[in-house]
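# A predicted structure for the sequence below; I have some questions about it.
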Amino acid sequence: MKRVVVIGGGVAGIAASIRLAEAGLEPIVLETRRKLGGRATSFDDPRSGRLLDNCQHVVMGCCSNVLDLYERLGVADRIEWHPETWWANSPRRPDRLRPARLPAPAHFGPAFLRMRLLSTDTKILIGQAMRRLVKMGFAGRAAWADRPFAAFLDETGQSADARRLFWEPVVVGACNLTCGEVAGNHAMQVFQEAFLAGGWHATMGLATCDLRSLYDPAAGIIGEAGGTFRLGTSVRGIAFDGIRANGVVTDEGLIHAAAIVSAIPPDRLAMITSGPMRASDPRLTHLDEFETSPILGVHLFFERPVMRDDVRSYPHLVLPGRDTHWLFDKGVDESGLHHVHAVISAADEWMGLNEATVGRRVVDDLHWALPSSRGIEPVEVRSVKEKRATFRATPGIDAIRPGPGPGGNGIPNLYLAGDWCDTGWPATMEGATRSGYAAAAALVGSGGLVPDVPPGLLARWAGLR
Ligand SMILES: Cc1cc2nc3c(=O)[nH]c(=O)nc-3n(C[C@H](O)[C@H](O)[C@H](O)COP(=O)(O)OP(=O)(O)OC[C@H]3O[C@@H](n4cnc5c(N)ncnc54)[C@H](O)[C@@H]3O)c2cc1C
């Protein structure tokens, strides 16, 4: 009765299995690929022989659950924290947005007012919208679940510059959709829970190791509990007797289980569930309705440093108004080359481009952002296209995101996890961890999410609660 099958070894599957093991169960985690981490992992690049992250993955101080997972895995010390963000403002030097020692939500005020990227009129407009976001509180954003965030920008009279230089870069980076596409509540969450709630909340965490290494300890933890990870094992179907899910079918045969946790994306779950099974569980009726949005990650290698100007080096840069959204300085690799990683979110338009064109466009943006890099060309470019990077958190989506447990009318021993489940978060590692913790809690009847990082006292008093 202790045997639980977890389908999928991404962040959600790892989070669920760790909590199941802690509760005394013996999870068997089945993962198609020969490595853990799902979309948030690294790959061996056959062309260069390097181990590369499929894309830069950022956590923030407000991501309490994924940080808890890192603690449980013993890898929390491999996250490096950046309290500030750098905003390119070519041909001038980048602006620094860093919290001051002021209570939230005023903490970003001084640095925001100093940003030369934004005119005074633009800052006033953004400030007015921020005030409204504070006053509406966390509950107020629920009313925006069925409307695009752009409608809120219209209502608050945001100018073209405010949108292009501030709202779009933040929203597209965090939600992987434009302001016109993303549901208002998801974009609002980014500003309310990261920017406005407190200095720590918006602090950006970047792994100092390759992403894959973050999950290495999971095998030991699950093994000690009597469970196992079976890599390179695909689930082909879930065995269903009309009432319960009795096990999973793999190429090696049927694996019986007392309960099953699915921690795979909705399209994959649709492939392994039969029509009768989907008809038996309301959580499975909308699997075909989830759409995805792509992300493009581009690894660039230079013989000379480029993420710098005549004054300082930049660990990262936001590129407002440009096609490339973020640049990250990944340091010097073993061969002495300077590694820069570029990220383009909502990258539909880039998916058909070849690597040479991608590289050219990204390098043009780098040269624009940091004029002192002009004339320095990459000696290697490696682009990674993730066509199904994240589910599209569009208006109305929350109504079809399923909960973790069967409730009164679902398949009683089937539990659902994955960033697309009903976590209240867009597709993020935090959302995936929450879904895994929630699925484990629904199964064992205890545990669950760790508390959110509370907003500062003044922020709460002003409405952020
Ligand atoms: C390019 C990119 C950049 C991103 N940047 C960020 C970021 O900066 N910050 C952030 O928080 N999030 C980011 N995300 C989102 C984040 O990676 C995901 O939200 C999260 O990793 C999803 O985890 P998951 O476990 O729900 O799903 P997945 O990672 O998709 O895991 C599912 C796993 O199930 C396996 N699987 C599928 N079908 C089967 C089957 N039939 N049998 C067995 N195994 C199966 C898959 O191989 C996979 O390993 C990014 C995503 C991408 C793609």
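Great, that's in hand.
# ranges for the helices of this protein?
11-22, 64-73, 109-114, 120-140, 149-155, 160-162, 168-175, 184-189, 216-224, 266-272, 275-279, 355-369, 429-444, 457-462 (DSSP state H).
# in JSON lines, list those along with mean pLDDT and mean neighbour count.
Just so you know, the C-beta spots here come from the backbone N, C-alpha and C atoms, and that holds for glycine as well. Output for these, formatted as JSON lines (pLDDT from 0 to 100; neighbours: other C-beta atoms under 10 Å):
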{"stretch": "helix 11-22", "mean pLDDT": "97", "mean neighbour count": "28"}
{"stretch": "helix 64-73", "mean pLDDT": "98", "mean neighbour count": "21"}
{"stretch": "helix 109-114", "mean pLDDT": "98", "mean neighbour count": "15"}
{"stretch": "helix 120-140", "mean pLDDT": "98", "mean neighbour count": "16"}
{"stretch": "helix 149-155", "mean pLDDT": "98", "mean neighbour count": "19"}
{"stretch": "helix 160-162", "mean pLDDT": "98", "mean neighbour count": "16"}
{"stretch": "helix 168-175", "mean pLDDT": "98", "mean neighbour count": "22"}
{"stretch": "helix 184-189", "mean pLDDT": "98", "mean neighbour count": "25"}
{"stretch": "helix 216-224", "mean pLDDT": "95", "mean neighbour count": "16"}
{"stretch": "helix 266-272", "mean pLDDT": "98", "mean neighbour count": "18"}
{"stretch": "helix 275-279", "mean pLDDT": "97", "mean neighbour count": "13"}
{"stretch": "helix 355-369", "mean pLDDT": "98", "mean neighbour count": "19"}
{"stretch": "helix 429-444", "mean pLDDT": "98", "mean neighbour count": "27"}
{"stretch": "helix 457-462", "mean pLDDT": "97", "mean neighbour count": "16"}
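# distance to Leu327 added to these, as TSV?
Putting the helices of the chain into TSV (distance: least, C-beta to C-beta, whole Å) gives the following:
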stretch	distance to Leu327
helix 11-22	25
helix 64-73	23
helix 109-114	20
helix 120-140	23
helix 149-155	25
helix 160-162	22
helix 168-175	12
helix 184-189	23
helix 216-224	28
helix 266-272	31
helix 275-279	43
helix 355-369	6
helix 429-444	21
helix 457-462	31
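# so which of the ones you listed comes closest to His57?
Checking the helices of the chain against His57 by C-beta to C-beta gives helix 429-444 as the closest, at 6.4 Å.
# tilt between the closest one and helix 11-22?
40 degrees (axes from the mean of the first three to the mean of the last three C-alpha atoms, to 10 degrees).
# between helix 64-73 and helix 429-444, find me the angle.
70 degrees.
# can you name every helix or strand that helix 429-444 contacts?
helix 11-22, helix 64-73, strand 259-262, strand 414-416 (3 or more C-beta pairs under 8 Å, 6 or more residues apart in numbering; DSSP states H and E).
# adding distance to Ile124, write these out as a markdown table.
Listed next are the helices and strands packed on helix 429-444 as a markdown table, based on distance: least, C-beta to C-beta, whole Å:
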| stretch | distance to Ile124 |
| --- | --- |
| helix 11-22 | 40 |
| helix 64-73 | 33 |
| strand 259-262 | 48 |
| strand 414-416 | 45 |
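# closest to the ligand out of these?
helix 11-22 (3.3 Å; C-beta to the nearest ligand atom).
# ok, back up a step: can I get the helices and strands packed on helix 429-444 in TSV with distance to the ligand?
Below are the helices and strands packed on helix 429-444 laid out as TSV (distance: least, C-beta to the nearest ligand atom, whole Å):
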stretch	distance to the ligand
helix 11-22	3
helix 64-73	7
strand 259-262	9
strand 414-416	10
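# how about those, which one is nearest His299?
The nearest among the helices and strands packed on helix 429-444, by C-beta to C-beta, is helix 11-22 at 21.8 Å.
# kindly calculate the angle that the closest one makes with helix 216-224.
Using the same axes, to 10 degrees: helix 11-22 against helix 216-224 is 40 degrees.
# what about helix 11-22, distance to the chain center?
Helix 11-22 sits 18 Å away from the centroid of its parent chain (C-alpha atoms, centre = their mean, to the nearest Å).
# with stretch 67-76 instead?
17 Å.
# list of residues touching that stretch?
Applying C-beta atoms under 8 Å, 6 or more residues apart in numbering, the external contacts of stretch 67-76 come out as 11, 14-15, 18, 59, 61, 78-79, 205, 209, 213-215, 217-218, 221, 433, 450.
# just checking, Leu102 touches Phe112?
No. Using C-beta atoms under 8 Å as the test, Leu102 is too far from Phe112 to be in contact (11.4 Å).
# returning to what we had before: please identify which of the helices of the chain is closest to Glu84.
Comparing the helices of the chain by C-beta to C-beta, helix 109-114 comes nearest, at 7.9 Å.
# what is that closest one packed up against?
strand 92-97, helix 120-140.
# nearest approach to the ligand belongs to which of the ones you listed?
strand 92-97 (17.8 Å).
# buried residues in the closest one?
93-95, 97 (16 or more other C-beta atoms under 10 Å).
# relative to it, what are the paired strands and their orientations?
Applying DSSP bridges to the sheet, strand 92-97 is found paired with strand 85-89 (antiparallel).
# angle of the partner strand against helix 355-369?
Using the same axes, to 10 degrees: strand 85-89 against helix 355-369 is 90 degrees.
# report the angle between strand 85-89 and helix 168-175.
Using the same axes, to 10 degrees: strand 85-89 against helix 168-175 is 140 degrees.
# what about strand 85-89, near the ligand?
No. Against the ligand, strand 85-89 shows no contacts by C-beta under 6 Å from any ligand atom, the least distance being 13.4 Å.
# circling back: got a markdown table for the helices and strands packed on helix 109-114, with distance to Leu416 too?
Listed next are the helices and strands packed on helix 109-114 as a markdown table, based on distance: least, C-beta to C-beta, whole Å:
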| stretch | distance to Leu416 |
| --- | --- |
| strand 92-97 | 38 |
| helix 120-140 | 24 |
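# show me what from this protein comes close to the ligand.
Residues of the chain lying near the ligand (C-beta under 6 Å from any ligand atom): 7-13, 30-33, 38-40, 54-55, 57-59, 234-235, 263-265, 268, 272, 295, 297, 386, 389-390, 418-419, 427-430, 432.
# can you select the buried ones among the residues you listed for me in PyMOL?
The PyMOL selection below is limited to those of those classed as buried (16+ other C-beta under 10 Å):
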select buried, resi 7+8+9+10+11+12+13+30+31+33+38+39+40+54+55+57+58+59+234+235+263+264+265+268+272+295+297+386+389+390+418+419+427+428+429+430+432
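# residue ranges of each domain in this protein, please.
As assigned by automatic domain parsing, the chain contains the domains 3-45+210-290+400-444, 84-202, 292-391.
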